[in-house]
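**Q** Got a predicted structure here, sequence first:
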Amino acid sequence: MPIYHIAELKKTNPDVNPAMVMQTVVGEFMKCGIVTKPPGEGPPAHMHPNEEQFTLILEGKLHFILGDEDRIVERGDLIHIPRFTQHRSRAVDGTAVFFTVKFPAGDGDLNQDYNKVEKAEELEKKYPGTK
């Protein structure tokens, strides 16, 4: 049974938003990771047609848009992101860290099934840091 130490996991910067930091582990059926978002950072609104996702906020706060919901989530909040549901998040009031799990494992890349949604730029206008 593998046991992973977060401090020892390789850190990578995803192509969709290089300011973020990801530490990923891949199993037989799932992939998971610790994601760190600096304030205001994150990919544009997107959806995953082939993946279901759960995200648990570990530190900080995120402005989260999930389908028609628009709210601030924080430490201890668990978000379920069904397939085909548009979503995006931005750290507010500092850096945010979350643990995320996706099914299926695919090639192990947490951004493998990333598909930018139409009107993603309009959703950015809802971010509290946007003027």
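**A** Great, that's in hand. Quantities reported herein were computed from a predicted structural model and do not represent experimental measurements. Residues are numbered from 1 along each chain as shown.
**Q** any idea whether residue 122 is helix, strand or coil?
**A** What DSSP: H, G, I helix; E, B strand; the rest coil gives for residue 122 is helix.
**Q** Check it and give its pLDDT.
**A** Residue 122 is assigned 82 on the pLDDT scale.
**Q** Share the number of residues neighbouring it, please.
**A** Residue 122 is flanked by 10 other residues according to other C-beta atoms under 10 Å. Any C-beta I mention is one placed from the backbone N, CA and C, and that applies to glycine too.
**Q** Would you mind stating the distance between residue 80 and residue 73?
**A** The spacing between residue 80 and residue 73, counted by C-beta to C-beta, to the nearest Å, is 12 Å.
**Q** out of the two, which sits in the more crowded spot?
**A** Each of residue 80 and residue 73 has its neighbours counted (other C-beta under 10 Å); residue 73 has more, 22 against 10.
**Q** Now do the same for that one: its pLDDT.
**A** On the pLDDT scale, residue 73 is placed at 97.
**Q** For beta bridges, what are the partners of it?
**A** In this entry, residue 73 is beta-bridged to residue 62, by DSSP bridges.
**Q** what is residue 98 paired to in the beta sheet?
**A** Bridge pairing for residue 98 (DSSP bridges) gives the partners residue 35, residue 57.
**Q** how about the strands of the protein, start to end?
**A** All strands of the chain, identified by DSSP state E, fall at 21-26, 31-37, 46-47, 52-66, 69-74, 78-81, 87-103, 115-116.
**Q** Nearest to residue 124, out of those?
**A** strand 87-103 (8.1 Å; C-beta to C-beta).
**Q** Which positions in the closest one come out as buried?
**A** Neighbour-count burial for strand 87-103, counted by 16 or more other C-beta atoms under 10 Å, picks out 87-92, 96-103.
**Q** got it, and stretch 64-74?
**A** Buried-residue list, stretch 64-74, by 16+ other C-beta under 10 Å: 64, 65, 66, 73.
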